[in-house]
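A.B. asks: Sequence first, then the predicted structure:
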Amino acid sequence: MTMNEDDRIVGTLARLPSLEPSVYRARRTRSRCHAALEKRRQRETPLEPQRPGLAPFVDGLLLVVSAVYLGGAVGEAVRLLASF
Amino acid sequence: MDRDTELEYVARLRAGDTDAFDLVHAEFNGRLFAFLARLARSRDIAEDLLEETWLRLVEHADRLHEDTRLAAWLFTVARNLYVSYCRSRALEEASVPGLIGLWPTGLRTSPFEEAAANELERRLEAALANLPFRYREVLLLVGIEGLRPAEAARVCGISAEALRQRLSRARALLEQRLRDADRSISVRLSEVRS
């Protein structure tokens, strides 16, 4: 179906004045949409691998301290048991 | 907007391109607002629904089909948001707020033409605003927004044949309303003269 060009009423409808939303609302909408698109882009971009820094040394140090403490506790328990 | 440009914008939107969003926004924002304002018969409601329409586009941008027709997609979302709004508020057909004359008119060549055109537009807007929703929406989509009938049928969720019948009925009803308005003006004028 095509629009009948002789249709005066529908032809007149096409000439009705255009309507525009307020500039403030248009700006607000655009900035909200930009923010949503940026957020999505950031979510989809894989994170860069983090540089090691001091973390492995701290982890190692904690491991050694924990092992020494645990060893001492176990040794003490064995000594106590042996004294009975 | 030609089809190649539209497909390019869709591809860029799917990738989250904000510049593509701006171009689509510039192309459709006024048209969607006019459609919603005449559908809802209120600028405030139209502005709220317009914002929601754009947010829906952004939310669903990565799931758009490569061959999406943006006009049909956007007008469908806008129309469905209005229908949901009416359902939630049970407002449709309850009242006709005074939206006539809320926007500037285009340039006219002479004061007489301007007055005549304004009068015709005012009557047309009033008659359109008083049509039932299902007739108003097809006239807006086909008569004002220039959507192809197949696209308008998709937007309204009806078959092409149903749209053709509804459009024909809508035109007849609009003409009838305008004739009634003319008659009422003539009667009032004759009362003033006598």
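C.D. replies: Yep, it's here.
A.B. asks: how about the helices in chain B?
C.D. replies: Assigned by DSSP state H, the helices in chain B fall at B:3-14, B:18-40, B:43-60, B:70-89, B:111-129, B:133-138, B:149-156, B:160-193.
A.B. asks: Nearest approach to A:Ala77 belongs to which of the ones you listed?
C.D. replies: helix B:43-60 (60.5 Å; CB to CB). From N, CA and C alone the C-beta is placed, and that goes for glycine too.
A.B. asks: The closest one: which residues count as buried?
C.D. replies: Judged by neighbour count (16 or more other CB atoms under 10 Å in any protein chain shown), helix B:43-60 contains these buried residues: B:43, B:45-54, B:56-58.
A.B. asks: which of those come close to chain A?
C.D. replies: Restricting those to those near chain A by CB under 8 Å from any CB of the partner chain leaves B:Arg43, B:Ala46, B:Glu47, B:Leu50, B:Glu51, B:Trp54, B:Leu57, B:Val58.
A.B. asks: one step back: how about the helices of chain B in JSON lines, adding mean pLDDT?
C.D. replies: Below are the helices of chain B laid out as JSON lines (pLDDT from 0 to 100):
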{"stretch": "helix B:3-14", "mean pLDDT": "92"}
{"stretch": "helix B:18-40", "mean pLDDT": "94"}
{"stretch": "helix B:43-60", "mean pLDDT": "94"}
{"stretch": "helix B:70-89", "mean pLDDT": "92"}
{"stretch": "helix B:111-129", "mean pLDDT": "74"}
{"stretch": "helix B:133-138", "mean pLDDT": "93"}
{"stretch": "helix B:149-156", "mean pLDDT": "92"}
{"stretch": "helix B:160-193", "mean pLDDT": "80"}
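A.B. asks: Which among the ones you listed is found nearest to A:Val78?
C.D. replies: It's helix B:43-60; of the helices of chain B, that one is closest to A:Val78 (CB to CB) at 64.0 Å.
A.B. asks: Now do that closest one against helix B:18-40, angle only.
C.D. replies: 140 degrees (axes from the mean of the first three to the mean of the last three CA atoms, to 10 degrees).
A.B. asks: Give me the contacts around helix B:43-60.
C.D. replies: When contacts are defined by CB atoms under 8 Å, 6 or more residues apart in numbering or on different chains, helix B:43-60 is touched by residues A:21-22, A:25, A:28-30, A:32-33, A:36-37, A:40, B:13, B:21, B:24-25, B:29, B:32-33, B:36-37, B:39-40, B:73-74, B:77-78, B:81-82, B:85, B:99, B:102.
A.B. asks: let's go with 7 Å and repeat that
C.D. replies: Helix B:43-60 is contacted by residues A:21-22, A:25, A:29, A:32-33, A:36-37, B:25, B:32-33, B:36-37, B:40, B:74, B:77-78, B:81-82, B:85, B:99, B:102 when judged by CB atoms under 7 Å, 6 or more residues apart in numbering or on different chains.
A.B. asks: Leaving out the residues flanking it, which one is nearest to the residue of chain B found nearest chain A?
C.D. replies: Using CB to the nearest CB, B:Gly143 is the residue of chain B that sits closest to chain A, at 3.7 Å. Nearest in space to B:Gly143, with sequence neighbours left out and distances taken as CB to CB, 6 or more residues apart in numbering or on different chains, is A:Leu13 at 3.7 Å.
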